[in-house]
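Peer 1: Build me a structure from this.
(one chain, ligands or ions: 1)
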Amino acid sequence: MTNDLHDLLEAAIIILDDAVSGKNDKRDKQVEEERHILDDAVSGKNEHVTLDKNQIKSVELPKPCNGPLYAGWSPANYLCKVVEEIGEVGEAFDAYDRDPGDMEKWGHLMEECCDGIVALTGLMDCLGCDEGARQSFMRGVNKSNATRDNGKRFKE
Ligand SMILES: [Mg+2]
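Peer 2: You can find the predicted model right below:
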């Protein structure tokens, strides 16, 4: 592991520990605010934000690995899993990039990308960000990306 990556991980772990121990209450407030927005969307109180529960059920959402196998896992363990999976994305990308016509390598790269998404979902879940809150944050990020840079982040 390079020194830069090691330093980055240490900094991330301190931030995570502060968030978990309550020293950093900004995250909890943000999650709480997002939950209110979500609740209002579900109950119909917020006419600008709507939530179609059926739409959520119709898509395959990433499922966090939070079963008995991970009972002793700390946020730092989940963060390390994210780093490990992103490394595997890099390896799979390298293999595909050397042979872009190989659909088996393309499929492996896509599976590793999904592993990365699942690992990040596990980290969020471990930090108390449940499915509803994750959807709410995702909606906020998508909405922000839709309007930034004169709306040129997405295809027409
Ligand atoms: Mg993997």
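
Peer 1: Can you pull the residues of this structure lying near the ion?
Peer 2: Proximity of the chain to the ion (Cβ under 5 Å from the ion) is limited to residues 85, 88, 112, 115. (Glycine included, C-beta is placed from N, CA and C.)

Peer 1: Which of the helices or strands spans whatever residue of the chain ends up closest to the ion?
Peer 2: Here the chain gets closest to the ion at one residue, residue 115, 3.5 Å apart by Cβ to the ion. According to DSSP states H and E, residue 115 maps onto helix 103-126.

Peer 1: Next secondary structure element downstream of that helix?
Peer 2: Note on helix 103-126: by DSSP H and E, the next helix or strand toward the C-terminus is helix 131-147.

Peer 1: Quick one: list the elements packing against that next one.
Peer 2: Here helix 131-147 touches helix 26-43, helix 103-126, going by 3 or more Cβ pairs under 8 Å, 6 or more residues apart in numbering; DSSP states H and E.

Peer 1: show me where pLDDT drops low in the chain?
Peer 2: Applying pLDDT under 70 to the chain flags the ranges 1-58.
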